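Undergrad: Requesting a structural model of the entry that follows:
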Amino acid sequence: MFGHGSGAFRRGKARPPHEVAGAESHGPPFAPVRVVIHESPATRRRRILVVDDDRPTRLLLRDFLEGEGFEVTQARDGIEGLRSARTAPPDLVVTDLRMPGLDGHGFVARLEACAPGVPVVLMSSEDPSSGRAQRRIPFLRKPLDLDALSGMLARAGLFSESGGATRRSSRAGRLGTSRH
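TA: Sure thing, here's the model as predicted:
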């Protein structure tokens with residue numbers, strides 16, 4: 001048992017090993033350590049990037065998607081969305097069309113360069129422009145119909161028909177367009 005006289009504990013400031021007489025030196029006292037965590041596709045939650053300048057819409061989508069088992073990353077505009085996609089490539093992007101700075105169409109065009117093949121869903125309270133029709137990008141009208149979004153996720157293989165995120169390792173999948 002350790003007591004006051006055992007010498008097991010000493011009062012005072014602890015010194016790094018390189019300052020203690022007779023101690024071997026193994027390099028700098030606090031060398032940086034790099035920890036790399038590898039995610040297995042079988043265990044990683046599916047990641048969805050939500051890009052919208054409207055905070056209530058981002059929060060609605062975040063709450064809904066996280067409740068269904070997805071990992072959700074949020075961005076306030078297209079530039080922030082691109083940074084996020086480079087840092088942690090998403091399995092799907094849901095983006096608003098009308099945003100200050102880089103709008104939805106500009107964001108989608110640049111997204112292909114940093115995260116090729118990522119499926120995208122556009123959303124807006126206005127009718128989509130011709131750019132969407134040419135690329136066949138699925139569209140959700142605001143206010144959002146979460147059942148329509150669930151259907152799109154299911155068609156992409158990201159959402160099971162019974163509800164909840166699937167853990168499919170491939171990004172391949174087709175999203176259908178909303179008929180609302």
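
Undergrad: For the rest of this, base every contact and every neighbour count on C-alpha atoms.
TA: Noted.

Undergrad: can you list contacts of the lengthiest helix in the chain?
TA: Longest helix in the chain by number of residues, with DSSP state H as the criterion: helix 55-67. The contact list for helix 55-67 (CA atoms under 8 Å, 6 or more residues apart in numbering) reads Val50, Val51, Asp52, Glu71, Val72, Thr73, Gln74, Arg76.

Undergrad: the bottom helix or strand of the chain by mean pLDDT?
TA: helix 130-135 (a mean of 49; mean pLDDT, DSSP states H and E).

Undergrad: That one: what's the following helix or strand?
TA: Proceeding N to C from helix 130-135, the next assigned helix or strand is strand 139-141, under DSSP states H and E.

Undergrad: partners of that next one, with directions?
TA: strand 120-124 (parallel) (DSSP bridges).

Undergrad: Outside of the partner strand itself, list whatever touches it.
TA: Strand 120-124 has contacts (CA under 8 Å, 6+ apart) with 92-98, 104, 108, 137-142.

Undergrad: Compare those residues and tell me which is most surrounded.
TA: Thr95 (31 neighbours; other CA atoms under 10 Å).

Undergrad: Next, that one: phi, psi?
TA: Backbone torsions for Thr95, taken as degrees, to the nearest 10, come to phi -130, psi 150.

Undergrad: show me where this structure has strands.
TA: Ranges of strands in the chain, per DSSP state E, are 47-51, 71-75, 92-96, 120-124, 139-141.

Undergrad: Make CSV from those strands and add distance to Leu59 and mean pLDDT to it.
TA: Listed next are the strands of the chain as CSV, based on distance: least, CA to CA, whole Å; pLDDT from 0 to 100:
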stretch, distance to Leu59, mean pLDDT
strand 47-51, 9, 97
strand 71-75, 9, 97
strand 92-96, 13, 96
strand 120-124, 15, 93
strand 139-141, 16, 91
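
Undergrad: got the buried residues for the longest helix of the chain?
TA: Thr57, Arg58, Leu61, Arg62, Leu65, Glu66 (16 or more other CA atoms under 10 Å).

Undergrad: now do stretch 148-161
TA: Those would be 148-160, for stretch 148-161 by 16+ other CA under 10 Å.

Undergrad: Helices along this protein, start to end?
TA: Under DSSP H, the chain gives helices at 55-67, 78-87, 104-114, 130-135, 146-155.

Undergrad: weakest of these in terms of mean pLDDT?
TA: Note on the helices of the chain: helix 130-135 shows the lowest mean pLDDT, a mean of 49.
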